[in-house]
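[1] sequence unknown, structure follows:
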Ligand code: CA
């Protein structure tokens, strides 16, 4: 049971989502406009938001960005039409955690929501601190430093970095990364993964000072590998 925000101007889809999600015990606030969504988010912290990108008043990407700023801990899932594919990348960069392309099956949405909420609810079990060269990932504290400089990461970026660092030096397949970080088996596009890797590279690369960020190598057709520094860990 969770507090959900549904932002959807289409009456049919909005009503179906709201009715369906309530039937599974969730509390749902249905907003039909971007302004309505931002107002709702000003007064209440949601566990997860479903955001249609094509809204009548505000640009969906802008709504995404502002929701993320207001509710850093909320899972943001974009609902997009096929024609809005380009917006997916922009939306992920604006702070969305995931996306679903319309039309989708309600069961798929429900499974995705369940996976996200489960992951958010699970406390980090280990005290592990991972070290790869100048990079230190404190898993228990959810804190990342590079050469002593803290690197602020979003939830999924942190989990992706941790997953790659656990197997530093080894190839990790896209399927494994999607399953471990997003709890999902993707058929088709995995833009979510690529955008998050790009964000990691950018954030680690932006750290000032002499520390070298660990290189994340793209393995075409397979996945990614975090390189060990020369001379081992
Ligand atoms: Ca719409």
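    Arrived safely, thanks for sending. On a predicted model such as this, the values are computed, not experimentally measured, just so you know.

[2] can you list the residues of the protein near the ion?
    Contacts of the chain with the ion, taken as CB under 5 Å from the ion, map to 9, 52, 54. Using the backbone N, CA and C atoms, a C-beta is placed for each residue, glycine as well.

[3] quick one, domains of the chain?
    As assigned by automatic domain parsing, the chain contains the domains 3-118, 129-226.

[4] quick revisit: which members of the residues of the chain next to the ion occur in strands, if any?
    If you go by DSSP state E, these have residue 52 in strands.

[5] among the residues of the chain next to the ion, who's most crowded?
    residue 52 (25 neighbours; other CB atoms under 10 Å).

[6] Excluding residues flanking it in the chain, which one is nearest it?
    residue 8 (4.4 Å; CB to CB, 6 or more residues apart in numbering).

[7] contacting residues around that neighbour?
    The neighbours of residue 8, taking CB atoms under 8 Å, 6 or more residues apart in numbering as the test, are 14, 17, 30, 31, 32, 50, 52, 79.

[8] Minimum distance to the ion, which residue of this protein gives it?
    residue 54 (3.6 Å; CB to the ion).

[9] what's the spacing between residue 62 and residue 50?
    Per CB to CB, to the nearest Å, residue 62 is found 17 Å from residue 50.

[10] of these two, who's got more company?
    It is residue 50, of residue 62 and residue 50, that has more neighbours when counted by other CB under 10 Å, with 25 against 13.

[11] Check which helix or strand the more buried one maps to.
    Using DSSP states H and E, residue 50 maps to strand 48-52.

[12] ok, which stretches of the chain are strands?
    So, for the chain - with DSSP E - the strands run 3-7, 27-31, 48-52, 75-80, 98-101, 129-132, 135-138, 143-146, 149-150, 171-173, 216-219, 223-226.

[13] Could you dump those into a markdown table and include distance to residue 89 and mean pLDDT?
    Putting the strands of the chain into a markdown table (distance: least, CB to CB, whole Å; pLDDT from 0 to 100) gives the following:
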| stretch | distance to residue 89 | mean pLDDT |
| --- | --- | --- |
| strand 3-7 | 20 | 97 |
| strand 27-31 | 24 | 96 |
| strand 48-52 | 15 | 96 |
| strand 75-80 | 11 | 91 |
| strand 98-101 | 10 | 88 |
| strand 129-132 | 27 | 89 |
| strand 135-138 | 26 | 93 |
| strand 143-146 | 23 | 94 |
| strand 149-150 | 27 | 94 |
| strand 171-173 | 22 | 90 |
| strand 216-219 | 16 | 94 |
| strand 223-226 | 18 | 94 |
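
[14] export the ones you listed to CSV and tack on distance to residue 92?
    Output for these, formatted as CSV (distance: least, CB to CB, whole Å):
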stretch, distance to residue 92
strand 3-7, 17
strand 27-31, 21
strand 48-52, 12
strand 75-80, 8
strand 98-101, 7
strand 129-132, 25
strand 135-138, 22
strand 143-146, 19
strand 149-150, 23
strand 171-173, 20
strand 216-219, 17
strand 223-226, 17
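
[15] In the protein, where is pLDDT below threshold?
    83, 119-127, 184-189, 231-233 (pLDDT under 70).

[16] Quick one: the helices in it, in order.
    Here the chain has its helices, by DSSP state H, at 11-23, 34-43, 60-70, 85-93, 106-121, 155-166, 174-182, 191-205.

[17] Which one of those lies nearest to residue 131?
    helix 155-166 (8.4 Å; CB to CB).
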